[in-house]
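Student: Got a predicted model here, sequence first, then my questions.
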Amino acid sequence: MCAAQFPNGFLWGSATAAYQVEGSPLADGAGPSIWHRFVHTPGLVRDGDTGDVACDHYRRWKEDVAIMRRLGLQAYRFSVSWSRILPAGTGHVNYAGLDFYDRLVDALLENGIEPLVTLYHWDLPAALDDRGGWLNPEISKWFADYAEVMFRKLDGRVKKWATLNEPWVVTDGGYLHGALAPGHRNRFEAPIASHNLLRAHGAAVQAYRATGRHEIGLVVNIEPKYRASDDPADVAATARAEAYMNRQYLDPVFFGHYPKEMVEIFGEAWPDWPSEDFALIQQPIDFLGVNYYTRSVTRFDANAWPLKACAVRQKQATYTETGWEVFAPGLTETLLWVKRCYGNIPLYVTENGSAFFDPPTAAKGRVEDPLRVDYLREHLGAVRDAIAQGVDVRGYMAWSLLDNLEWSLGYSKRFGIVHVNFATQQRTPKDSAHFYAKVIASNGAVL
Ligand SMILES: N#[N+]C[C@@H]1[C@@H](O)[C@H](O)[C@@H](O)[C@@H]2O[C@H]12
């Protein structure tokens with residue numbers, strides 16, 4: 001049997017998100033997003049860091065496309081800033097903002113790089129948050145109208161669209177625990193925001209079917225839950241954690257209902273949803289984007305709100321700077337789990353990467369990041385193992401192309417395969433970038 005390998009046409013790329021890399025959040029008529037507000041609220045982001053400059057990608061995009069070209073990237077996953085396109089979230093279109101993405105897409109295509117576009121990567125227009133944001137049911141129409149503006153402008157040159165990035169993080173971080181914009185901590189709001197995100201996803205897919213000619217999907221984060229013991233309390237806690245993080249969005253999209261554990265988790269805060277909503281949510285999608293970083297060995301914890309479950313640190317494991325266990329087999333398991341539970345829908349690993357401290361050697365033109373090279377090698381091997389077991393994985397996007405704003409953690413955590421000196425904006429491909437370039441050139445044969 002020939003050694004497991006990546007299929008011909010496997011799509012090798014890298015990923016970023018608008019607010020994390022672009023900078024210039026209010027340039028050329030753009031409106032503020034909830035993240036612009038959040039970072040400018042004292043005490044919410046480490047070291048008072050903001051996305052005002054970030055990687056200055058809004059101005060340096062040509063340089064960054066050239067770096068992608070030199071690395072041999074075949075695809076680039078990025079997100080559109082909704083409030084650049086519609087400064088008030090609805091109504092007036094800001095054509096200067098639209099032109100930025102138009103030029104970026106053309107430059108990518110001219111360099112043989114396929115654009116994968118995410119419509120929403122957490123940066124809701126602040127003007128819509130003032131109208132209730134994800135708590136207002138009207139947002140499904142607002143989002144579909146914004147999506148249609150993008151489809152009409154870019155569809156055809158953009159052949160793979162994703163509606164949302166990680167809806168779980170949007171609600172768990174933004175509405176339940178409050179660590180992310182808009183910073184709410186309300187167990188009654190979180191389910192409503194979640195449900196409206198799914199409704200908006202469905203409305204955007206519906207809009208795409210009316211105007212689009214290519215593919216549209218959803219990007220979810222999946223963190224496989226391994227029970228800490230066979231103790232019934234740990235087994236039940238693990239089931240709750242899996243339902244809350246991994247199935248809360250996939251079950252409605254693929255089955256038209258929520259996991260039964262959601263009522264147990266949220267209790268009186270879990271509404272009775274209108275059945276017609278699930279017809280909207282369950283629009284067929286063309287692919288699923290899976291963001292994988294780590295696993296969680298899970299046990300019962302009576303004090304852990306609202307899940308009554310927590311992760312158990314693994315003594316012999318390597319952990320990244322974000323406190324995540326390096327566990328590549330979890331990626332194989334995750335891809336197999338999706339196929340087992342939801343069918344063999346085409347999958348892209350739309351994010352996978354690691355934050356490790358980089359040595360201060362960038363000035364000499366080299367950044368040695370052996371831990372990130374190891375992480376990349378192990379996780380690409382995990383993808384190959386899933387493909388060898390019949391999972392239809394069609395691409396891999398390394399997170400991230402550039403060191404960037406790690407949301408509330410500011411610039412303290414570096415995920416990039418390309419080092420960014422934020423004082424000078426100098427880019428330096430790390431050893432991981434050079435390794436990834438060899439992987440791409442050999443279609444994974446060097447692994
Ligand atoms: N934290 N972390 C890294 C990374 C984050 O920077 C992305 O924006 C998210 O889509 C996802 O959480 C993963």
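Tutor: It's in. The model shown is predicted, which means the values in this text are computed figures rather than measured ones.
Student: so what's the closest residue to Thr294 other than its chain neighbours up against?
Tutor: Closest residue to Thr294 apart from its sequence neighbours, by C-beta to C-beta, 6 or more residues apart in numbering: Trp324 at 3.7 Å. Every C-beta, even on glycine, is put in place using the N, C-alpha and C of the backbone. Neighbour list for Trp324: Tyr293, Thr294, Ser354 [criterion: C-beta atoms under 8 Å, 6 or more residues apart in numbering].
Student: next one: Leu402
Tutor: Residues near Leu402 by C-beta under 8 Å, 6+ apart: Thr16, Val21, Cys55, His57, Asp64, Gly416, Val418, Val420, Arg427.
Student: Let's see that with 6 Å instead.
Tutor: Residues near Leu402 by C-beta atoms under 6 Å, 6 or more residues apart in numbering: Val21, Cys55, Gly416, Val418, Val420.
Student: Now for these: which two are most distant?
Tutor: Val21 and Val418 (10.8 Å; C-beta to C-beta).
Student: Between these two, tell me which one has more neighbours.
Tutor: Val21 (26 against 22; other C-beta atoms under 10 Å).
Student: Please look at the more buried one and Asn404 and confirm they touch.
Tutor: Yes - counting by C-beta atoms under 6 Å, Val21 touches Asn404, with 4.8 Å between them.
Student: show me the contacts for Ala190.
Tutor: Thr171, Tyr175, Leu176.
Student: Let me fix that, I meant to ask about Gly13.
Tutor: Shown in contact with Gly13 (C-beta under 6 Å, 6+ apart): Leu73, Gln74, Ala75, Tyr76, Arg77, Met397.
Student: For those, could you give me CSV that also reports pLDDT and neighbour count?
Tutor: Converted to CSV, the contacts of Gly13 look like this (pLDDT from 0 to 100; neighbours: other C-beta atoms under 10 Å):
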residue, pLDDT, neighbour count
Leu73, 98, 27
Gln74, 98, 18
Ala75, 99, 21
Tyr76, 99, 24
Arg77, 99, 30
Met397, 99, 27
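Student: which one of those residues sits closest to Ile285?
Tutor: Arg77 (16.2 Å).
Student: ok, what's across the strand from that closest one?
Tutor: Judged by DSSP bridges, the bridge partners of Arg77 are Ala15, Leu116.
Student: ok, it - contacts?
Tutor: Taking C-beta under 6 Å, 6+ apart, one finds Gly13, Ala15, Leu116, Thr350, Met397 in contact with Arg77.
Student: all strands of the chain, in order?
Tutor: Secondary structure of the chain (DSSP state E): strands located at 11-15, 75-79, 114-120, 160-165, 215-221, 225-227, 287-291, 296-300, 309-311, 347-352, 393-399, 418-421, 426-429.
Student: Gln5 is nearest to which of these?
Tutor: strand 393-399 (12.2 Å).
Student: what angle sits between that closest one and strand 114-120?
Tutor: Angle, strand 393-399 to strand 114-120, by axes from the mean of the first three to the mean of the last three C-alpha atoms, to 10 degrees: 70 degrees.
Student: now for strand 393-399, which elements pack on it?
Tutor: Contacts defined by 3 or more C-beta pairs under 6 Å, 6 or more residues apart in numbering; DSSP states H and E place strand 393-399 against strand 11-15, strand 347-352, helix 370-388.
Student: let's go with 7 Å and repeat that
Tutor: strand 11-15, strand 75-79, strand 347-352, helix 370-388 (3 or more C-beta pairs under 7 Å, 6 or more residues apart in numbering; DSSP states H and E).
Student: what's the farthest-apart pair in the contacts of Arg77?
Tutor: Every pair of the contacts of Arg77 checked by C-beta to C-beta; the farthest is Gly13 and Thr350, at 9.1 Å.
Student: shared neighbours, these two?
Tutor: Arg77, Met397 (C-beta atoms under 7 Å, 6 or more residues apart in numbering).
Student: which residues of the stretch 51-200 of the chain fall in helices?
Tutor: 57-71, 82-85, 95-110, 126-129, 139-154, 167-171, 189-211 (DSSP state H, counting those that start in this stretch).
Student: before we move on, back to that, I'd like the contacts of Leu402 as CSV, with distance to Ala127 and pLDDT appended.
Tutor: Supplementary listing: the contacts of Leu402 in CSV, determined by distance: C-beta to C-beta, whole Å; pLDDT from 0 to 100:
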residue, distance to Ala127, pLDDT
Val21, 23, 99
Cys55, 25, 98
Gly416, 31, 98
Val418, 34, 98
Val420, 30, 97
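Student: Dump the residues you listed to CSV, plus distance to Val149.
Tutor: Formatted as CSV, the contacts of Leu402 follow (distance: C-beta to C-beta, whole Å):
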residue, distance to Val149
Val21, 22
Cys55, 25
Gly416, 30
Val418, 31
Val420, 30
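Student: need these in CSV with distance to the ligand, can you?
Tutor: As requested, the contacts of Leu402 are exported to CSV (distance: C-beta to the nearest ligand atom, whole Å):
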residue, distance to the ligand
Val21, 10
Cys55, 13
Gly416, 10
Val418, 15
Val420, 14
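Student: so Val297 makes contact with Tyr226?
Tutor: Yes - counting by C-beta atoms under 7 Å, Val297 does reach Tyr226; the two are 4.8 Å apart.
Student: the more surrounded of these two?
Tutor: Ranked by neighbour count (other C-beta under 10 Å), Val297 and Tyr226 place Val297 first, with 20 against 16.
Student: Quick one: residues contacting that one.
Tutor: Val297 touches Tyr226, Ala228, Ala311, Val312, Gln314, counting by C-beta under 7 Å, 6+ apart.
Student: Give me the pLDDT value at it.
Tutor: As predicted, Val297 sits at a pLDDT of 98.
Student: cool, Asn136 as well?
Tutor: For Asn136, pLDDT reads 98.
Student: So which residue is smack in the middle of this structure?
Tutor: Nearest to the geometric centre of the chain sits Asn165, at 4.4 Å (C-alpha atoms, centre = their mean).
Student: Test my guess that it contacts His121.
Tutor: Yes - the criterion here is C-beta under 7 Å, and Asn165 meets it with His121 at 4.2 Å.
Student: How many neighbouring residues does Glu268 have?
Tutor: Glu268: 8 neighbours (other C-beta under 10 Å).
Student: Would you mind measuring from it to the ligand?
Tutor: Note on Glu268: its distance to the ligand, by C-beta to the nearest ligand atom, to the nearest Å, is 30 Å.
Student: give the contact list for Tyr319.
Tutor: Contacts of Tyr319 by C-beta under 7 Å, 6+ apart are Glu325, Val326.
Student: again, but for Glu166
Tutor: The contact partners of Glu166, by C-beta under 7 Å, 6+ apart, come to Val219, Val220, Asn221, Asn291.
Student: ok, now how distant is it from the ligand?
Tutor: Applying C-beta to the nearest ligand atom, the value for Glu166 to the ligand is 5 Å.
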